[in-house]
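1. Quick one: sequence plus predicted model below, questions after.
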Amino acid sequence: MTHYDLVIVGSGSGNSLVGPDFDDWQIAVVEEGTFGGTCLNVGCIPTKMFVYPADLAEAARTSGRLGVDASLERVRWADIRDRIFGRIDPISAGGREYRAHGEPNTTLYEAHAQFTGPRELRLSTGQSITADRIVLATGSRPVIPDAITDSGVPFHTSDTVMRIDEVPARVAILGGGYISAEFAHVFGAFGAQVSVIARSAPLLRHLDLDLAERFTSLAEERWDVRLNAIVTGASKTADGIALELSDGSSLEVDLLLVATGRRPNSDRLNLAAAGVAVHPDGRIVVDAQQRTTADAIWALGDASSEHQLKHVANHEARVVAHNLAHPDAPIESDHRVVPAAVFTHPQLASVGLTEAQAAASGRRFVTALRGYGSTAYGWAMEDNSSVCKLIADPATGQLLGAHLMGEQAATLVQPLIQAMSFGLGVREMARGQYWIHPALTEVVENTLLALELDQS
Ligand SMILES: Cc1cc2nc3c(=O)[nH]c(=O)nc-3n(C[C@H](O)[C@H](O)[C@H](O)COP(=O)(O)OP(=O)(O)OC[C@H]3O[C@@H](n4cnc5c(N)ncnc54)[C@H](O)[C@@H]3O)c2cc1C
Ligand SMILES: NC(=O)c1ccc[n+]([C@@H]2O[C@H](COP(=O)([O-])OP(=O)(O)OC[C@H]3O[C@@H](n4cnc5c(N)ncnc54)[C@H](O)[C@@H]3O)[C@@H](O)[C@H]2O)c1
C-alpha cells in the first residue's frame, strides 16, 4: 500500500491542481479514461472546433441575402475531424506523458479508483493507495434514457459522435439542451437533415423564456423540431434507425445522438466507505471551501457542482489548490455570477437571473430588450432576430441578469458579467465609458440606456 500526501482522482480540472506549491509533496493522479478529461477530449474544445467551421458553412449558405452569392461546395468532415483531433490528441498525450514521467514527485495511475475506507482507494489494477488528502475531480457522464438502452439500437453520445467518418444524411438528436443545440447546428450546417426531439418546450428552456422561444422559432426554420415528445420505441431497420415518438409520429434516421443530460460519476466511487455524502442527483456534497463531508477530501467540477461548466470547474480547482496549500487561510468558491453560452446558431449567452427567476424572487425589477437590428452594425448584418435583454433592480441600478442571442453573444456578454461581478451600476456602465461606434457592443449600450430605473 503506497501512501501519498495528495491523491487526485480525475485528470480533467483535477490535473491543474498540481503546481509549485506542492513540489515537496508526493502526489498521485488517478485517471481511468483519456488523459485530460471531458473539456479537452470530448467537450468544450472539440465541439467549438466543429462549431466554427459550421458557422462558416452557414454563412456561405445565407450570405445571398446580403448580395454575396456564395454557395457551399463541400464539407470535408474527415479533414475537419482529423485537424481537430490532430491538435487535441497530442495535447492529451503530452499531458499524460508529463504527468507520468515529467516530475519525480508525481505518479500517474491509469485505473479506476474507488474507496475502501477513509482516504483509502483500491485501483482497478489491484493496487491500493492511501493519502493524507484526496481530491475528487471525477466529472460526469452522459445519461441514456431506458427507452434507448432497452431497444438495443446503436446510438452515439457527445463522447463518440465527433469521431465518426462522414456526415450522416439524417440525424436525430434526443434532448433539447446545450449539446443538442450545438450538434444540431454542426450537423445541420454541414448538410445533414436534423431532427431534434425534445420532451418539453421550448428548446433550451434553462434560458430566459424570451430567448428560448425566439431560439426555438429559428430552430424550427432550420431543423425538424419535435417538441413535447419522447421516444417510445426504437428499432434497427435496413436503412438506419426507426424512432417512434409519444406524439404518434415516427422518423427514420442514419444516426441517433443522445444528449439528455449528464450525471456525476459519484456512484462509481463507493463514497459511503469514505463517509462522503451525495445529493439526491448524485452531486458530491461540498461546502463553500469545496470540502466534502469527509475529513481532508475535497471535490470540484462536474462531480459536485450544480454548474456543469468548465470555467466553474477551473475556478473551483483554483480554490481547492489554494486551500490545500494554505489550510490556515482557506478561501471560498464564488458562484454569485456564473455565465454560460450555447455555441449554436445563433449563439446564446446569459448570466444572472432570468425574468422568471426575478419574478419568482418577489423583488422589484425592470427589463429592456433591444434588437441587434437597432444598431448600425446590425443594419450591416441585416439582422432582424438577434437580441440583448437586460434585467435590473430599478432602485439600486444594479444589473440582475443579462441575456443575448446573436452573433458573438458569448463575447458581448463579458462586460455585463464584469459589471455584475464588480457591482458597476447600469447608468455608470452606459455613460461612464465610450462605446466604439459602430460596433455590435452598441446593442449592449442601447439596452442599458433603455432600462427604466428609479433615478435617471
Ligand atoms: C459535448 C460537451 C461540450 C461542452 N462544452 C462546454 C463549453 O463550451 N463550455 C463549458 O464551460 N463547458 C462545456 N462543457 C462542460 C465541461 O466539459 C465540463 O463541465 C468540464 O469538463 C468538467 O470538468 P471536470 O474536471 O469536473 O471533469 P472531467 O473533465 O470530466 O474529468 C473527470 C475525469 O475523471 C475521470 N474519472 C471519473 N471517475 C473516475 C474514477 N473512479 N477513477 C479514475 N478516474 C475517474 C474521468 O475519466 C475523467 O477523465 C461541455 C461538455 C460536453 C460533454
Ligand atoms: N456551451 C456549453 O457551455 C456547454 C455545451 C455542452 C454541454 N455543456 C454542459 O453539459 C451539460 C450536459 O449537456 P446536455 O445537453 O446533455 O444536457 P442539458 O441538461 O443541457 O439538456 C438535456 C436535455 O435532455 C432532456 N431530457 C432529459 N432526460 C430526457 C429523457 N429521458 N428523454 C428525453 N429528453 C430528456 C432535457 O429535457 C433537456 O432538454 C449541460 O447541462 C452543460 O452544463 C455545456
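-> Cool, got the structure. Ligands and ions are numbered 1, 2, ... in the order given.

2. can you tell me which helix in this protein is longest?
-> Counting by DSSP state H, the longest helix found in the chain is helix 77-101.

3. and that helix, how far from the chain's centre?
-> Mean-position distance between helix 77-101 and its chain equals 20 Å (Cα atoms, centre = their mean, to the nearest Å).

4. swap in stretch 405-412?
-> Counting by Cα atoms, centre = their mean, stretch 405-412 comes out at 16 Å from the chain centroid.

5. Compute the first-to-last residue distance for that stretch.
-> Taking Cα to Cα, to the nearest Å, stretch 405-412 runs 10 Å from one end to the other.

6. now that stretch: mean pLDDT?
-> Here stretch 405-412 scores 98 as its mean pLDDT.

7. which residues touch it?
-> 211, 214-215, 341, 343, 346-349, 372, 381, 383, 385-388, 404, 440-441, 443-444 (Cβ atoms under 8 Å, 6 or more residues apart in numbering). C-beta coordinates here come from the backbone N, C-alpha and C atoms, glycine included.

8. what bridges to residue 401?
-> Judged by DSSP bridges, the bridge partners of residue 401 are residue 352, residue 391.

9. Tell me if I'm right that it and residue 413 touch.
-> No: with contact defined as Cβ atoms under 8 Å, residue 401 does not reach residue 413; the gap is 10.6 Å.

10. Overlap of the contact sets of those two?
-> What both residue 401 and residue 413 touch, as defined by Cβ under 8 Å, 6+ apart, is the set 350-351.

11. for the closest residue to residue 34 other than its chain neighbours, helix, strand, or coil?
-> Among residues not flanking residue 34 along the chain, residue 41 sits closest, at 4.7 Å (Cβ to Cβ, 6 or more residues apart in numbering). State at residue 41, reduced to three classes by DSSP: H, G, I helix; E, B strand; the rest coil: helix.

12. Around ligand 1, pick out the residues from the stretch 201-350 of the chain.
-> 265, 268-269, 301-303, 308-311, 313, 343 (Cβ under 6 Å from any ligand atom).

13. Export the residues you listed as JSON lines, with columns for pLDDT, secondary structure and neighbour count.
-> Formatted as JSON lines, those follow (pLDDT from 0 to 100; DSSP: H, G, I helix; E, B strand; the rest coil; neighbours: other Cβ atoms under 10 Å):
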{"residue": "265", "pLDDT": "98", "secondary structure": "helix", "neighbour count": "21"}
{"residue": "268", "pLDDT": "98", "secondary structure": "helix", "neighbour count": "13"}
{"residue": "269", "pLDDT": "98", "secondary structure": "coil", "neighbour count": "23"}
{"residue": "301", "pLDDT": "98", "secondary structure": "helix", "neighbour count": "33"}
{"residue": "302", "pLDDT": "98", "secondary structure": "helix", "neighbour count": "32"}
{"residue": "303", "pLDDT": "98", "secondary structure": "helix", "neighbour count": "30"}
{"residue": "308", "pLDDT": "98", "secondary structure": "coil", "neighbour count": "20"}
{"residue": "309", "pLDDT": "98", "secondary structure": "coil", "neighbour count": "19"}
{"residue": "310", "pLDDT": "98", "secondary structure": "helix", "neighbour count": "19"}
{"residue": "311", "pLDDT": "98", "secondary structure": "helix", "neighbour count": "14"}
{"residue": "313", "pLDDT": "98", "secondary structure": "helix", "neighbour count": "27"}
{"residue": "343", "pLDDT": "98", "secondary structure": "coil", "neighbour count": "22"}
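
14. now for the residues you listed, which pair is the farthest apart?
-> 269 and 343 (31.1 Å; Cβ to Cβ).

15. what mean pLDDT does the longest helix of the chain have?
-> Averaging pLDDT residue by residue across helix 77-101 gives 98.

16. Wondering if that helix reaches ligand 1 at all.
-> No: against ligand 1, helix 77-101 shows no contacts by Cβ under 6 Å from any ligand atom, the least distance being 9.9 Å.

17. Kindly state the domain boundaries assigned to this protein.
-> In terms of domains, the chain is parsed into 2-140+263-325, 146-260, 346-450 (source: automatic domain parsing).

18. returning to that earlier point: buried residues in the longest helix of the chain, which are they?
-> Within helix 77-101, the residues scored as buried using 16 or more other Cβ atoms under 10 Å are 77, 80-81, 84-85, 88, 92, 95-96, 99.
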